[in-house]
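Colleague: Build the 3D model from these lines:
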Amino acid sequence: MGATGQPGEKAERRDGGSRPWWGDHRTTVFAVFGTVAGICTAAMGVVDRGTSIVLLVVSIGLFLAGLAGLVRVRTYARWLAAAWRWARGHRIVVAAVTVALLAGSASAAVALQSARSCEDPTEVAVMVPEDGAAGFSAAADDFERDSTTPFSCPRYHVTTFGVGWPALRGAFASGWGAAPGEAGATSLDLGPRPDVWIAESGAQVDIVAPGGQGQGFEVSDGRTLVAGSPLVLAVPEPHAEALRATTEPGDTVQELMAAAAASGLDVVRANPDASFAAALHTVSLYADSDAAALEALELDLGHALEQAGLPVGTDGALLCRLDELSRTEPPRVAVLTTERAIGGRGAACPASGAGESDAALVPFYPGAGLGLDYAAVRLSWADAGPAGRRADAASAFVEWLRTNEGQAALGREVGARGLDGRPPADADGPLPGLQDAPVIEPGASLVAYTRVVSTEQQYRKARRPARVLVMVDASASMGRPADGDRKRIDVAERGVLGALGHLSGSDEVGVWSFSGAAASSPHRVLDVTGSEVARSDAPERLGTLRPDGHTPLYDAVADGTSYLVGLDPEGASRRHLTALVVLTDGENLPGDGPGAEVTASDLVESARAQEASGVRVYVVAVGEASCQVSDLQQIAAEWDGECWDSSFGELESTLGSLFGQLGGR
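Modeller: Numbering: from 1, shown residues only. Down below sits the predicted model:
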């Protein structure tokens, strides 16, 4: 008999070689493998619900087989027996550890499950300025990406919607168009009631929402300054060097305008009733001036817009049109606008090819000038119930705007300055034209809301009076249903009557209709007269319209523009802001006869021949009419106006916004 090996000695193979390690530890390897496989299989069952039961059974079997294997190993059996004796003597400790392990397993299961099915994100509605809305929307997207759970589930979903200054004031005044007690009201024209409002200035908040008394809302937690953008005089790059030679840092806006005029540049400004930035510029322009000087100033600003072929409206509309005109040669104009507006045109004017034209603008900064100071305002609505997840999400968004990530997003996406006052930049440094811009901290030059309101009252008296001729489509298609029991012509009549309320006693207005044969169209419903007389006579006159016949649209535009040009044949005074407003639901279908031969090209050529007349053409397209797929947009642009697409449900507000720009109320 061979000698038996001593404990601890390696067993020798018969051929004299050593046995492999796993040969003596097969049971151990199997036990460890079974235990680990059981745990992993159980985890797979948590992730995939469809196979969880099958995998759970398999995991239990593997785990028990592993334990059984460990018991068969003599060394481990002694350990397990000792552990069992210890556990019986320490039952409380064992129970506590078991509970902790079960709780940890449950937490891990919940976490793994959340990785494959996220909860619905909390909705947040954010109202942003109309000019720059695309940038604020992109910044909100950055917030959503920065606010995910550890398993990449979105916590919040932010809906942004841009609202212009006039519409914003009306919405707050009406409590967002909601009847008392109507929870979650939504304005068909604007969007849902906002949880957060990005105001362009604290003065805006004081004007329209000092506390929300009587309008069903209140400002929660005050207002939080998040960014800013200085007011500037922007000059096309080819003309900037001449202005640099005659100006100095610290010059007032009046001194900059005088230097621009000396360099052969006309100064233009958006409509203060449509743009809050223009309203702030007007505060500076009206300082220490008498009524006669203010009227002369407004006349000069209006003539400069007409001379350059630029629209009356918002900063965005003005700058986009400037881009279009600058494809050949930049007009000799300097624009009173904001730093953000001149840097954000690429996103605002995609159709015009902004950023690829020769319209690079160089900003000049008035000394001690005002600016937009973007403030995040949390709003709570009286009938929205107690604050909950939505309110917490709104607070999280406002707080994020002041973080490093939020500040970077506002500079990158919006083109606004952060709280440090440095010019906005991208990955390569300051945006073009801002390399030498001074540091201007947001809120450094605050303006009291009383100054803004006082300047508005002065502007009402100093602005150019409007002379508006309204052309209403009365063709057969206008007899079709619009919504509910109302016909299209009824909606149009109501919209026109409401729009007349934006005109003051110094304005003039007339109403014509067009339908039937071009030779006998248009029809004079109400001759151009004082707005007060028109408002009293228009309801009865418009009530006589009976839709019928063809749509001699181009003939109506030709006759209307010729009539308005004839009211001031020499174009000498051009005291009035003169506009033809055309409301149509279809394309040009003139039928036969004289006047039917007028084409879109004829109207374009007529506009170029009458460019000094000061007559503007605005088209409101509803129904089957469209600015995008017709020549209406080009015709309006050539006549220094705009084409606005609308629906019959929004027609009243669309006409109200347009007449608000023309009439100023």
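Colleague: use CA for all of it now, contacts and neighbours both
Modeller: Will do.
Colleague: what separates Arg467 from Ser513, distance-wise?
Modeller: The gap separating Arg467 from Ser513 is 17 Å, by Cα to Cα, to the nearest Å.
Colleague: residues touching Ser515, list them.
Modeller: Shown in contact with Ser515 (Cα atoms under 8 Å, 6 or more residues apart in numbering): Asp473, Ala474, Ser475, Ala476, Ser521, Pro522, Pro547, Asp548, Gly549, His550, Thr551, Pro552.
Colleague: quick one: contacts for the residue lying closest to it once chain neighbours are set aside?
Modeller: Leaving aside its sequence neighbours, Ser515 sits nearest to Ser475 (Cα to Cα, 6 or more residues apart in numbering; 4.6 Å). Applying Cα under 8 Å, 6+ apart to Ser475 gives the contacts Phe514, Ser515, Gly516, Pro547, Asp548, Gly549, His550, Thr551.
Colleague: Of those residues - the most surrounded one?
Modeller: Sorting the contacts of Ser475 by how many neighbours each has (other Cα atoms under 10 Å) puts Phe514 first, at 30 neighbours.
Colleague: Make sure it is actually in contact with Asp548.
Modeller: No: between Phe514 and Asp548 there is no contact under Cα atoms under 8 Å: 9.8 Å.
Colleague: before we move on, what SS does Ala304 have?
Modeller: Under DSSP: H, G, I helix; E, B strand; the rest coil, Ala304 falls in the helix class.
Colleague: Surely it and Val267 touch.
Modeller: Yes: between Ala304 and Val267 there is a contact under Cα under 8 Å: 6.5 Å.
Colleague: Which one's more surrounded, the two?
Modeller: Neighbours were tallied for Ala304 and for Val267 using other Cα under 10 Å; the higher tally belongs to Val267 (24 against 20).
Colleague: Quick check: pLDDT value at that one.
Modeller: The score at Val267 is 96. That number is its pLDDT.
Colleague: Wasn't it part of a strand?
Modeller: Yes: counting by three-state DSSP, Val267 is found in a strand.
Colleague: which ones are touching it?
Modeller: Counted by Cα under 8 Å, 6+ apart, Val267 has contacts Met257, Ala260, Ala261, Leu301, Ala304, Val333, Ala334, Val335, Leu336.
Colleague: quick one: Ala621 from Val453, how far?
Modeller: Separation of Ala621 from Val453 (Cα to Cα) stands at 34 Å.
Colleague: Neighbour count: those two, which is higher?
Modeller: Set Ala621 next to Val453 and count neighbours by other Cα under 10 Å: Ala621 wins out with 25 against 15.
Colleague: Just give the nearest non-adjacent residue to the more buried one, would you?
Modeller: Leaving aside its sequence neighbours, Ala621 sits nearest to Asp645 (Cα to Cα, 6+ apart; 4.9 Å).
Colleague: you'd agree Leu583 is in a helix?
Modeller: No: under three-state DSSP, Leu583 falls outside any helix and is assigned strand.
Colleague: Show the model's pLDDT score for it.
Modeller: pLDDT, Leu583: 97.
Colleague: circling back to that earlier point, okay, and the common contacts of Phe514 and Asp548?
Modeller: Common neighbours of Phe514 and Asp548 (Cα under 8 Å, 6+ apart) are Ala474, Ser475.
Colleague: List the contacts of the most centrally placed residue in the chain.
Modeller: When Cα atoms, centre = their mean is applied to the chain, the residue found nearest the centroid is Ala133 (2.3 Å). Counting by Cα under 8 Å, 6+ apart, Ala133 makes contact with Thr160, Phe161, Gly162.
Colleague: Just the ones in strands from those residues, please.
Modeller: Of these, the ones assigned to strands by DSSP state E are Thr160, Phe161, Gly162.
Colleague: these two touch, right, the residue nearest to Ala621 and Cys627?
Modeller: Yes: between Asp645 and Cys627 there is a contact at 6.1 Å, judged by Cα under 8 Å.
Colleague: list residues touching both of those two?
Modeller: The contact sets of Asp645 and Cys627 overlap at Ala621 (Cα under 8 Å, 6+ apart).
Colleague: circling back: can you list the contacts of Ser515 in JSON lines and add distance to Asp436, pLDDT and secondary structure?
Modeller: Below are the contacts of Ser515 laid out as JSON lines (distance: Cα to Cα, whole Å; pLDDT from 0 to 100; DSSP: H, G, I helix; E, B strand; the rest coil):
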{"residue": "Asp473", "distance to Asp436": "53", "pLDDT": "96", "secondary structure": "strand"}
{"residue": "Ala474", "distance to Asp436": "57", "pLDDT": "95", "secondary structure": "coil"}
{"residue": "Ser475", "distance to Asp436": "58", "pLDDT": "95", "secondary structure": "coil"}
{"residue": "Ala476", "distance to Asp436": "61", "pLDDT": "95", "secondary structure": "helix"}
{"residue": "Ser521", "distance to Asp436": "59", "pLDDT": "90", "secondary structure": "coil"}
{"residue": "Pro522", "distance to Asp436": "57", "pLDDT": "94", "secondary structure": "coil"}
{"residue": "Pro547", "distance to Asp436": "61", "pLDDT": "94", "secondary structure": "coil"}
{"residue": "Asp548", "distance to Asp436": "63", "pLDDT": "93", "secondary structure": "coil"}
{"residue": "Gly549", "distance to Asp436": "63", "pLDDT": "93", "secondary structure": "coil"}
{"residue": "His550", "distance to Asp436": "60", "pLDDT": "93", "secondary structure": "coil"}
{"residue": "Thr551", "distance to Asp436": "56", "pLDDT": "94", "secondary structure": "strand"}
{"residue": "Pro552", "distance to Asp436": "55", "pLDDT": "95", "secondary structure": "coil"}
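Colleague: okay, the residues you listed in a markdown table with distance to Gly202 next?
Modeller: Putting the contacts of Ser515 into a markdown table (distance: Cα to Cα, whole Å) gives the following:
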| residue | distance to Gly202 |
| --- | --- |
| Asp473 | 43 |
| Ala474 | 46 |
| Ser475 | 48 |
| Ala476 | 50 |
| Ser521 | 51 |
| Pro522 | 49 |
| Pro547 | 49 |
| Asp548 | 52 |
| Gly549 | 53 |
| His550 | 52 |
| Thr551 | 49 |
| Pro552 | 49 |
